[in-house]
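Enquirer: What shape does this take:
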Amino acid sequence: MTGAALRRVKPVDNNGGARTAPRHFLDLRDFETGTLRRMLDLASSYKSGAAAKPLAGKTVALIFEKPSTRTRVSFEVGVRQLGGDVVTLSGKDTQLGRGETVADTARVLSRYVDAIMLRTDAHAKLQEMAEFATVPVINGLTAASHPCQLMADVLTFEEYRGPIAGQVVAWCGDGNNVATSWIEAAVRFGFTLRLATPDALRPPEEILAWARANGGKIELSADAAAAVAGARCVVTDTWVSMADDPNSNRHNLLAPFRVDEALMAKAAADAIFMHCLPAHRGEEMTAGVIDGPQSVVFDEAENRLHAQKGVLAWALGGG
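Expert: The predicted structure is shown next:
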């Protein structure tokens, strides 16, 4: 067979059928609200005990270039509960750490597996993986965003307080990757997001501009108390993420944004507290808050499993 003839061969999936465009899950901004809602409906269905196995006979590659507890366990368990199998790889297990391009890795893995989950540093790696993969690519976290976390967070809020549309959520702390996904979620799910951050740690202007252009109700402040006042949900995150310099001035900058009992008291009487974990008691929040009656962080962590099952079922099962 000539090279030209080889190029005319139509790609087939691992079950012998012709491939269609893969359903990637990279960022919330990529989707219409209805599609995200379908994923959440699937998540709720699986959490309620739905026995469908849309991943039967399918294999998902999980690539971790950054350490993980919740992402690794929730994806491994979720894939298996949906009937599939997993191949879990760390950075040292692949040739990515030895100079192979992301594009070549994507092309090769697409011949072996039915989907790829990538947890990495640079968002450009995720985008390159999706560009060259012929199977769905899922964002398990990058330095720019964390959409799986936000699917779990919306699921958790609505379990406790009903529809999130029209509600007020307050973010206190670093305008990091999780904050970026909260901004995207506010636009797509129609709630007000108040961001209290130091001026030096505001979210990227690009995502703020996107939110404004798409009608997002995003309020910026350097005053944590003003941001939290009357909010139905208060959210924070670790002050030093894996890509940050622990010797920088971050702790001094972020100390005024610590979520303590006095700050939580300014929120709505029935406000809930969220944190994506891991948490550092005494830094971004006090033990009294995260271990107190308003905290839903462990239900939130559990919902990573269910939300990601919804994403996987949509990506691979056609839900």
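Enquirer: Once you drop chain neighbours, what's closest to Val137?
Expert: Beyond its immediate neighbours in the sequence, the residue positioned closest to Val137 (Cβ to Cβ, 6 or more residues apart in numbering) is Ala130, lying 4.2 Å away. Where C-beta positions appear, they are placed from N, C-alpha and C, glycine not excepted.
Enquirer: The one you found is in contact with Leu26, isn't it?
Expert: Yes. Using Cβ atoms under 8 Å, Ala130 makes contact with Leu26 at a distance of 5.9 Å.
Enquirer: got any residues that touch both of the two?
Expert: Listed contacts common to Ala130 and Leu26 are Val137; contacts here mean Cβ atoms under 8 Å, 6 or more residues apart in numbering.
Enquirer: Determine the three-state secondary structure at the residue nearest to Val137.
Expert: helix (DSSP: H, G, I helix; E, B strand; the rest coil).
Enquirer: hmm, who's touching stretch 42-58?
Expert: In this structure, residues lying in contact with stretch 42-58 by Cβ under 8 Å, 6+ apart are 14-15, 79, 81-85, 114-115, 151, 155, 303, 306-314, 316-319.
Enquirer: For this structure, which segments count as strands?
Expert: The residue ranges that make up the strands of the chain, judged by DSSP state E, are 59-64, 85-90, 115-119, 137-141, 168-172, 192-196, 217-221, 233-236, 272-275.
Enquirer: Show me what the last one is in contact with.
Expert: The contact list for strand 272-275, computed with Cβ under 8 Å, 6+ apart, reads 153, 156-157, 160-161, 232-237, 259, 264, 284-285, 289-290, 292, 294-297, 300.
Enquirer: Can you select the buried ones from those in ChimeraX?
Expert: Applying 16 or more other Cβ atoms under 10 Å to those leaves a buried subset, and the ChimeraX line that selects it is:
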select :153,156,157,161,232,233,234,235,236,237,259,264,284,285,289,290,294,295,296,297,300
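Enquirer: before we move on, back to that, wait, which of the strands of the chain is closest to Met39?
Expert: Nearest to Met39 among the strands of the chain is strand 137-141 (11.3 Å), distances taken as Cβ to Cβ.
Enquirer: Now that closest one: average pLDDT?
Expert: Regarding strand 137-141, the rounded mean pLDDT is 98.
Enquirer: would CSV of the strands of the chain with distance to Gly99 be doable?
Expert: Listed next are these as CSV, based on distance: least, Cβ to Cβ, whole Å:
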stretch, distance to Gly99
strand 59-64, 16
strand 85-90, 16
strand 115-119, 18
strand 137-141, 21
strand 168-172, 39
strand 192-196, 39
strand 217-221, 41
strand 233-236, 38
strand 272-275, 37
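Enquirer: picking up where we left off before, for PyMOL, write the selection for the buried entries among the contacts of stretch 42-58.
Expert: Here is the PyMOL command that picks out the buried ones among the contacts of stretch 42-58, judged by 16+ other Cβ under 10 Å:
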select buried, resi 79+81+82+84+114+115+151+155+303+306+307+308+309+310+311+312+313+314+316+317+319
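Enquirer: In contact with Val87: list those residues for me.
Expert: Neighbours of Val87 in contact, by Cβ under 8 Å, 6+ apart: Thr59, Val60, Ala61, Leu62, Tyr112, Val113.
Enquirer: confidence score at it?
Expert: The predicted local distance difference test score for Val87 is 97.
Enquirer: Report the beta-bridge partners for Thr221.
Expert: Wrong residue type there; residue 221 is Ser, not Thr. Following DSSP bridges, Ser221 is listed with bridge partners Ala196.
Enquirer: how much space between it and Glu284?
Expert: 17 Å (Cβ to Cβ, to the nearest Å).
Enquirer: How about Gly84?
Expert: Separation of Gly84 from Glu284 (Cβ to Cβ): 35 Å.
Enquirer: Leu89 touches Glu65, doesn't it?
Expert: No. Contact criterion Cβ under 8 Å: Leu89 and Glu65 do not qualify, at 9.3 Å.
Enquirer: Thanks again, I'm all set now.
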